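Undergrad: Provided below for reference: sequence and predicted model.
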Amino acid sequence: MREVIKHLKATIGEFVICGSLALYLHGLIDDFNHEEIDIIVDNDIKIDGYTRHTSNKFNARGWSSKYNDVYIDVYNKKLPDYDKVVVDGLIVRIKTYQALKTHYLSLDIDKMDGHERFKNKLLTRLALFK
């Protein structure tokens, strides 16, 4: 993950880690998917070399790419509240516990795009905050 984070810092600059890695770093889950990372960047950032998607399972604008066999999902949104933590010797920003809680509790899973396995994963995440 260190090389992916270094790549993101060099190519994108400011970002906030969200998703399973943020949950893991907050100690809410025991493991995370090492083959993907979800990040949030400022609304207006255009990312060269990434594939643009206009909607996704969270109905947000963003980008996708792959680096070192790790899928990168980038969401263009207002940057959320974040904490700074050290990951593999690098200082990174992760979405705060409260921002994660607000996000997951606001999801309407019945109206969300995605397959059943994904929806079940979200229900498990949601249960972390209830």
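TA: Good, I have the coordinates. Residues are numbered from 1 along each chain as shown.

Undergrad: Can you tell me the element Leu79 falls in?
TA: Under the criterion DSSP states H and E, no helix or strand holds Leu79.

Undergrad: what sits against the residue sitting nearest the centre point of the chain?
TA: Centroid-nearest residue in the chain: Asp38, 2.6 Å away (criterion: CA atoms, centre = their mean). By CB atoms under 8 Å, 6 or more residues apart in numbering, the contact set of Asp38 is Ile17, Cys18, Gly19, Ser20, Leu21, Ala22, Asp73, Tyr75. For glycine as for every other residue, the C-beta is placed from the backbone atoms N, C-alpha and C.

Undergrad: Disregarding flanking residues, what is the spatial nearest neighbour of it?
TA: Gly19 (3.1 Å; CB to CB, 6 or more residues apart in numbering).

Undergrad: neighbours around that neighbour, how many?
TA: The number of residues packed near Gly19 is 21, by other CB atoms under 10 Å.

Undergrad: what are the phi and psi values for it?
TA: Dihedral pair for Gly19: phi 70, psi -150, per degrees, to the nearest 10.

Undergrad: quick one: it and Ile37 touch, right?
TA: Yes: counting by CB atoms under 8 Å, Gly19 touches Ile37, with 7.2 Å between them.

Undergrad: Identify the contacts common to those two.
TA: Shared contacts of Gly19 and Ile37, counting by CB under 8 Å, 6+ apart, come down to Asp73.

Undergrad: quick one: Lys95 and Lys77 touch, right?
TA: No: because the distance of 10.8 Å does not satisfy CB under 8 Å, Lys95 is recorded as not touching Lys77.

Undergrad: out of these two, which sits in the busier spot?
TA: Each of Lys95 and Lys77 has its neighbours counted (other CB under 10 Å); Lys95 has more, 27 against 16.

Undergrad: Let me see the contact set for that one.
TA: Taking CB under 8 Å, 6+ apart, one finds Val16, Ile17, Cys18, Ala22, Ile40, Pro80, Asp81, Tyr82, His103 in contact with Lys95.

Undergrad: Take those residues and lay them out in a markdown table including distance to Glu116 and secondary structure.
TA: Converted to a markdown table, the contacts of Lys95 look like this (distance: CB to CB, whole Å; DSSP: H, G, I helix; E, B strand; the rest coil):
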| residue | distance to Glu116 | secondary structure |
| --- | --- | --- |
| Val16 | 29 | strand |
| Ile17 | 26 | strand |
| Cys18 | 22 | strand |
| Ala22 | 24 | helix |
| Ile40 | 26 | strand |
| Pro80 | 28 | coil |
| Asp81 | 31 | coil |
| Tyr82 | 31 | strand |
| His103 | 21 | helix |
